[in-house]
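Colleague: Sequence and predicted structure are below.
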Amino acid sequence: MKKICLLLLAVAALVISSPEFAKAQSKKKYIVNAYVGGFRGLVKTEEIDADKLTHINYAFVNVKDSLATLTNLATDSINFRKLNALKLINPDLKIVISIGGWAWSENFSDAVLTETSRQKFAKSSVDIIRQYNLDGVDIDWEYPAMRGEEGNIYRPEDKHNFTLMFKALRDELNMLEKEKGRKFLLTTAVGGSKSFVENTEMGDAQQYLDYILIMTYDYGGKNGTVGHHTNLYDYGVEEGSSADRSVKNFMAAGVPANKIGLGAAFYGKGWEAETIKNNGLGEKRIKAVQGGGYTKLKDTLIDQNGYKKYYDKKARAPYLFNESTRTLITYEDEKSIKDKCKYVKKNKLAGIFFWEYFSDPKEYLLTEISKDLD
């Protein structure tokens with residue numbers, strides 16, 4: 001068995017080094033960036049379709065005492081090894097650590113408060129890249145100079161320190177590039193709200209960044225009403241939240257289109273509406289209800305179990321409504337993904353990214369992205 005495995009590895013190495021393979025695996029025109037939740041434990045990398053991706057962002061690395069910290073060294077180290085092994089399938093695939101996220105952003109403000117703390121944070125971040133032979137750093141600070149999760153530390157100084165953090169990280173990555181002789185990535189996941197733009201210096205920060213991944217999801221309706229959570233365009237009579245509006249706000253702040261990644265949600269969000277008027281859209285929210293990943297929605301809820309599918313042509317967004325329970329589920333489907341991919345091409349954006357890979361294990365949405373962003 002050992003000899004067979006060695007033979008297979010030798011054959012794989014020969015195939016990968018061949019000019020034909022290199023031509024077939026030439027870099028994609030657009031990024032297709034998947035967030036993978038390593039915080040849950042061991043990642044089932046054998047279920048990841050590496051050929052359809054350009055980047056995997058490993059979520060999440062924590063921030064403690066001004067250091068980027070792996071919270072579960074045993075599983076994280078195994079996950080890094082297994083994710084790197086996917087490069088046997090797709091040599092162009094980049095594995096990037098994502099630091100922060102909703103639950104682990106409380107210490108960012110302290111970590112980047114002074115030049116000394118920023119250097120300490122940047123060095124510890126890049127040390128993880130160096131140790132595990134990874135390809136870059138992604139910052140998911142939710143949110144600078146604004147309240148995110150209850151208990152998060154935030155201060156007005158975050159606005160400028162956010163920029164200085166990226167400079168410190170870029171400086172460390174530049175040193176690693178000289179050491180290793182290859183390129184390393186620096187990216188960030190950013191909130192889609194106008195307030196995020198107002199509380200940062202994105203026009204200055206972007207010079208240090210390869211990609212700005214705008215989280216064009218989790219919108220919801222205004223003033224506690226039921227609304228779409230990952231719609232491409234505005235809907236209703238008032239100015240609202242949409243992917244298009246978020247992109248335009250970031251571009252107006254000085255972010256080049258070719259650095260912007262458009263966000264797609266591989267999960268749905270559910271709300272109980274006060275009334276059945278307009279299928280719940282725009283009605284007062286009573287409470288949140290379970291949405292679920294797209295595979296689950298498609299296989300068990302769309303036009304099943306009391307849920308009827310609707311499509312908002314103005315928003316370019318699907319939703320389900322159960323009249324008997326007054327439950328609306330807002331989500332992404334193949335049609336909305338297709339529209340987002342067209343938007344990426346039309347506006348010359350960098351590509352698309354999504355949260356989270358295993359929310360759609362049957363790859364309904366990833367297959368659509370792969371087909372549309374070839």
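Modeller: Structure's in. What do you need? The structure displayed is predicted, hence computed values, not measured ones.

Colleague: burial of the closest residue to V61 other than its chain neighbours, as a residue count?
Modeller: Spatially, and ignoring its direct neighbours in sequence, V61 is nearest to I99 (4.4 Å; C-beta to C-beta, 6 or more residues apart in numbering). Quick note: C-beta positions are derived from backbone N, CA and C, even for glycine. I99 has 30 neighbouring residues, counting by other C-beta atoms under 10 Å.

Colleague: Which element, helix or strand, includes I99?
Modeller: strand 94-100 (DSSP states H and E).

Colleague: Take that strand, keep the C-alpha atoms, and write them as PDB.
Modeller: C-alpha atoms of strand 94-100 as PDB (Å, rounded to 0.1, in the frame of the first residue of the first chain):
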ATOM      1  CA  LYS A  94      -4.200  30.300  -2.100                       C
ATOM      2  CA  ILE A  95      -4.800  29.500   1.500                       C
ATOM      3  CA  VAL A  96      -5.200  32.700   3.700                       C
ATOM      4  CA  ILE A  97      -5.800  33.000   7.400                       C
ATOM      5  CA  SER A  98      -8.800  35.200   8.400                       C
ATOM      6  CA  ILE A  99      -8.300  37.000  11.600                       C
ATOM      7  CA  GLY A 100     -11.300  38.200  13.700                       C
END
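
Colleague: Sheet partners, orientation included, of it?
Modeller: Strand 94-100 has its sheet partners listed here by DSSP bridges as strand 55-64 (parallel), strand 136-140 (parallel).

Colleague: Comparing these, which stretch has the densest surroundings?
Modeller: Mean neighbour count (mean count of other C-beta atoms under 10 Å) peaks for strand 136-140 among the strands paired with strand 94-100, with a mean of 27.

Colleague: quick one: it to chain centroid distance?
Modeller: Mean C-alpha position of strand 136-140 versus that of the full chain (C-alpha atoms, centre = their mean, to the nearest Å) differs by 10 Å.

Colleague: I'd like to check what contacts it. Which residues are they?
Modeller: By C-beta atoms under 8 Å, 6 or more residues apart in numbering, the residues outside strand 136-140 that reach it are 57, 59-60, 94, 96-101, 105, 125-126, 129, 165-166, 169, 173, 184-189, 210, 213.

Colleague: same thing with stretch 331-343?
Modeller: With C-beta under 8 Å, 6+ apart, stretch 331-343 has contacts from 217, 229-230, 232, 243-244, 262, 264-269, 291, 294, 297-298, 311, 316-320, 349, 352, 364-365, 368-369, 372-373.

Colleague: in that stretch, what's buried?
Modeller: Residues of stretch 331-343 classed as buried: Y331, E332, D333, E334, S336, I337, D339, K340, C341, Y343 (neighbour count, 16 or more other C-beta atoms under 10 Å).

Colleague: Let me know the closest of those residues to V36.
Modeller: V36 has its nearest neighbour among these in E332, at 17.7 Å by C-beta to C-beta.

Colleague: Just give the nearest non-adjacent residue to G236, would you?
Modeller: Nearest residue to G236, sequence neighbours excluded (C-beta to C-beta, 6+ apart): G282, at 6.4 Å.

Colleague: And the one you found, what's its pLDDT?
Modeller: Residue-level confidence at G282 comes out at 95, pLDDT.

Colleague: Distance of it relative to E238?
Modeller: 10 Å (C-beta to C-beta, to the nearest Å).

Colleague: can you check Y307 too?
Modeller: Distance, Y307 to E238, by C-beta to C-beta: 27 Å.

Colleague: Done for today, thanks.
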